[in-house]
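Chemist: Need coordinates for the following:
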Amino acid sequence: MVQRGYHRPRPPSPHAIKLNLILIFAFFFLVFIFYTRQWHLLDDQRKQQPFSDEHSQTDRMPDAELWDAPPSYGLRSCVKPTSRYKAATGWDHYMTVRSNGGLNQMRTGIADMVAVARIMNATLVIPQLDKRSFWHDSSTFSDIFDELHFIETLQEDVKIVKELPQELANVPRARKHFTSWASTSYYEDMTQLWKEYQVIHVAKSDSRLANNDLPLDIQRLRCRALYHALRFSPPIESFGKKLVERLRARGGKYIALHLRYEKDMLSFTGCSYGLTDEESEELRIMRENTNHWKVKKINSTEQRLGGFCPLTPKEIGIFLQALGYPPSSLIYIAAGEIYGGSTHLLELTSRFPNIVFKETLATQEELRAFTNHASQTAALDYVISVESDVFVPSYSGNMARAVEGQRRFLGHRKTITPDRKGLVEVFDMLENGQQTEGSSLSDIIQTMHKNRKGAPRRRRGPLPETKGRARLRTEESFYENPYPECICASKKYLG
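Modeler: Got it, this is the predicted structure:
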């Protein structure tokens, strides 16, 4: 019996069912097309960005990983003489010195000369600074260094005077070009010169002492001379610290980047990668006309592949981003004029716009006293670099080695030394399209530099394949890493 008021619904026709299915399919197809286009758009944006948002290490990289110094394992600086060390006495033999090279070559050379004077029982006359180097700086010792502090700090080690006694001004001198990387026995033999001369003049001061196998007290004297006695003059020291304070006020933490992309360095090394033909020719002519640069013909490609070229501004930008530093990072450029100016620098500032120079930290009036005194402005860069949270040199020159050594001495402050040879291979893969920027590149570069952040390690000896005196040239510089002689373990870590 059919219930009154109830009507059985009419089943949909096959045509209606077919139409509904087509509409549903069309709807999902449109949704699929929309999201596919959005995905491709985001993918294209990621490819255009130097450092992908999706794969960025920056957001996930802890600040401590980026900025903190590596563990020092209780190591500290130690420069006190041993119990066998005797105080300096009055010596009537004198040593005059002409320090050669730029600021840091002169600094380490002067520290060597302090040790040589000690070995040879000589009174050291305040060295004359190089006025014939590339910058033709007329600064005297007291313009750059605190002369009185230098003399007084080393008074127990070596007798130092400002000038030769008047009665010795015109006496014959033994003019010596001491051999490079010499041992203490070499200088002990040189004391035979005192039988004929009362004054020895040293023509060059750089690399006069070996890096290794010297008595502990001589090594520690070198550290006392460089890190304690050879303090910059009060105007430089004061102004350098003022610039550090201004950097701190801007961003708290900062990277000091020694961007050795300067005309003299590119010309000297013969590195022309990324330069125009006109720029390359200009550098070649400069190298040809600089008499004391012995090598004139250099294969730029071989230099770069061997890791002997400074990293370019673009390469440094890629490098820092791959390490995880965000674009907002404050970077101080510790260098002279960048070759090519803003044209080449733009390849770095496009990635890291928060870049400053001395000229943007200080007024023209403040910098006027340093004009035409490249060694003094280099001293400012040195102070700012030593005090930075992170130091990154684009090339392992004299300043890079000296800053790294002092940062190790002061507690192994973070210093990231790029593996230039390894990086060239990576950069070439980027250039050829075999590698893209993003998490993959970051993993490669971060792994490559895991153990290149300034953590404690013993000084490296000579390369294994070298023989004879040539091996001494391949040793790591004492002033680049004064461990173990001038860096010791704290008592609580000795058990």
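Chemist: CA atoms for contacts and neighbours, from now on please.
Modeler: Noted.
Chemist: So residue 76, which state does it fall into?
Modeler: When classified by DSSP: H, G, I helix; E, B strand; the rest coil, residue 76 comes out as strand.
Chemist: my guess is it contacts residue 411, does it?
Modeler: Yes: counting by C-alpha atoms under 8 Å, residue 411 is a contact partner of residue 76 at 6.3 Å.
Chemist: and these two? which has more neighbours close in?
Modeler: Taking other C-alpha atoms under 10 Å, residue 76 and residue 411 do not tie; residue 411 has more neighbours (21 against 18).
Chemist: Which stretches in this protein count as strands?
Modeler: All strands of the chain, identified by DSSP state E, fall at 75-77, 94-97, 123-125, 160-161, 174-176, 199-202, 255-258, 331-333, 355-356, 390-393, 487-489.
Chemist: so what does the last one touch, helix or strand wise?
Modeler: Here strand 487-489 is seen to pack against strand 75-77 when contacts are counted using 3 or more C-alpha pairs under 8 Å, 6 or more residues apart in numbering; DSSP states H and E.
Chemist: Next one, pLDDT for residue 293 please.
Modeler: Per-residue pLDDT puts residue 293 at 89.
Chemist: residues of stretch 275-294 that come out buried?
Modeler: 280, 283, 284, 286, 287, 288 (16 or more other C-alpha atoms under 10 Å).
Chemist: my bad, stretch 204-219
Modeler: In stretch 204-219, counting by 16+ other C-alpha under 10 Å, buried: 204-212, 216-219.
Chemist: Can you pull out the residues in contact with that stretch?
Modeler: Outside stretch 204-219, the residues that touch it by C-alpha atoms under 8 Å, 6 or more residues apart in numbering are 81-82, 85, 97-101, 105-106, 108-110, 112-113, 115-116, 177-184, 461, 472, 475-478, 485-486.
Chemist: Buried among the residues you listed? Make that a ChimeraX selection.
Modeler: Selection command for ChimeraX covering only the buried members of the contacts of stretch 204-219, criterion 16+ other C-alpha under 10 Å:
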select :81,97,98,99,100,101,105,106,108,109,110,112,113,115,116,178,180,181,182,183,184,472,475,476,477,478,485,486
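Chemist: what about residue 326, distance to residue 214?
Modeler: 44 Å (C-alpha to C-alpha, to the nearest Å).
Chemist: ditto for residue 155
Modeler: Counting by C-alpha to C-alpha, the gap from residue 155 to residue 214 is 22 Å.
Chemist: With residue 61 instead?
Modeler: 43 Å.
Chemist: Equivalent analysis for residue 387, please.
Modeler: Residue 387 is 30 Å from residue 214, by C-alpha to C-alpha.
Chemist: cool, and residue 90?
Modeler: 24 Å.
Chemist: Identify the spatial nearest neighbour of residue 193, chain neighbours not counted.
Modeler: residue 174 (7.4 Å; C-alpha to C-alpha, 6 or more residues apart in numbering).
Chemist: can you check residue 178 too?
Modeler: residue 208 (6.5 Å).
Chemist: and what of residue 317?
Modeler: residue 348 (5.0 Å).
Chemist: show me what contacts the one you found?
Modeler: Per C-alpha under 8 Å, 6+ apart, neighbours of residue 348: 313, 314, 316, 317.
Chemist: For the third one, the count of nearby residues, please.
Modeler: Close neighbours of residue 316, defined as other C-alpha under 10 Å, add up to 21.
Chemist: got the contact list for it?
Modeler: By C-alpha under 8 Å, 6+ apart, the neighbours of residue 316 are 348, 394.
Chemist: Now do it, the pLDDT please.
Modeler: The model's pLDDT for residue 316 equals 98.
Chemist: measure it to residue 350 for me?
Modeler: 12 Å.
Chemist: show me where the stretch 201-350 of the chain has helices.
Modeler: 216-223, 234-251, 263-269, 277-289, 300-305, 313-323, 342-349 (DSSP state H, counting those that start in this stretch).
Chemist: same deal with the stretch 351-495 of the chain?
Modeler: 358-361, 364-368, 374-387, 398-409, 420-431, 439-448, 470-473.
Chemist: just so I know, which of those helices lies nearest residue 226?
Modeler: Nearest of the helices of the stretch 351-495 of the chain to residue 226, taken as C-alpha to C-alpha: helix 398-409 at 8.9 Å.
Chemist: Would you mind pulling up the elements that that closest one packs against?
Modeler: Against helix 398-409 (3+ C-alpha pairs under 8 Å, 6+ apart) you get helix 103-119, helix 374-387.
Chemist: same for the first one, what does it pack against?
Modeler: So the one you mean is helix 103-119. By 3+ C-alpha pairs under 8 Å, 6+ apart, helix 103-119 packs against strand 123-125, helix 184-190, helix 216-223, helix 374-387, helix 398-409.
Chemist: try the last one
Modeler: Helix 374-387 makes packing contacts with helix 103-119, helix 141-144, helix 234-251, strand 255-258, helix 398-409 when contacts are defined by 3+ C-alpha pairs under 8 Å, 6+ apart.
Chemist: neighbouring contacts of it?
Modeler: By C-alpha under 8 Å, 6+ apart, helix 374-387 touches 102-103, 135, 137, 139, 143-144, 232, 236-237, 239-241, 243-244, 256-257, 334-335, 370, 391, 399, 403, 406-407.
Chemist: what about dumping the CA coordinates of that helix to PDB?
Modeler: What follows is helix 374-387, C-alpha atoms only, in PDB (Å, rounded to 0.1, in the frame of the first residue of the first chain):
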ATOM      1  CA  ALA A 374      98.400  54.400   3.500                       C
ATOM      2  CA  SER A 375     100.200  52.600   6.300                       C
ATOM      3  CA  GLN A 376      98.200  54.700   8.900                       C
ATOM      4  CA  THR A 377      94.900  53.900   7.200                       C
ATOM      5  CA  ALA A 378      95.900  50.300   7.000                       C
ATOM      6  CA  ALA A 379      96.500  50.400  10.700                       C
ATOM      7  CA  LEU A 380      92.900  51.600  11.200                       C
ATOM      8  CA  ASP A 381      91.700  48.600   9.100                       C
ATOM      9  CA  TYR A 382      93.800  46.400  11.300                       C
ATOM     10  CA  VAL A 383      92.300  47.600  14.500                       C
ATOM     11  CA  ILE A 384      88.800  47.200  13.200                       C
ATOM     12  CA  SER A 385      89.500  43.800  11.800                       C
ATOM     13  CA  VAL A 386      91.000  42.400  15.000                       C
ATOM     14  CA  GLU A 387      88.000  43.600  17.000                       C
END
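Chemist: Report the beta-bridge partners for the most centrally placed residue in the chain.
Modeler: Taking C-alpha atoms, centre = their mean, the centroid of the chain lies closest to residue 393, which sits 2.7 Å from it. For residue 393, the residues forming beta bridges with it (DSSP bridges) are residue 258.
Chemist: Quick check: it vs residue 88, distance?
Modeler: For residue 393 relative to residue 88 (C-alpha to C-alpha), the value is 38 Å.
Chemist: Also residue 322?
Modeler: On the measure of C-alpha to C-alpha, residue 322 and residue 88 end up 52 Å apart.
Chemist: Looking at those two, which one has more neighbours?
Modeler: residue 322 (25 against 16).
Chemist: Name all residues that make contact with the residue lying closest to the more buried one once chain neighbours are set aside.
Modeler: Closest residue to residue 322 apart from its sequence neighbours, by C-alpha to C-alpha, 6+ apart: residue 442 at 4.4 Å. By C-alpha under 8 Å, 6+ apart, residue 442 lies in contact with 57, 321, 322, 323, 324.
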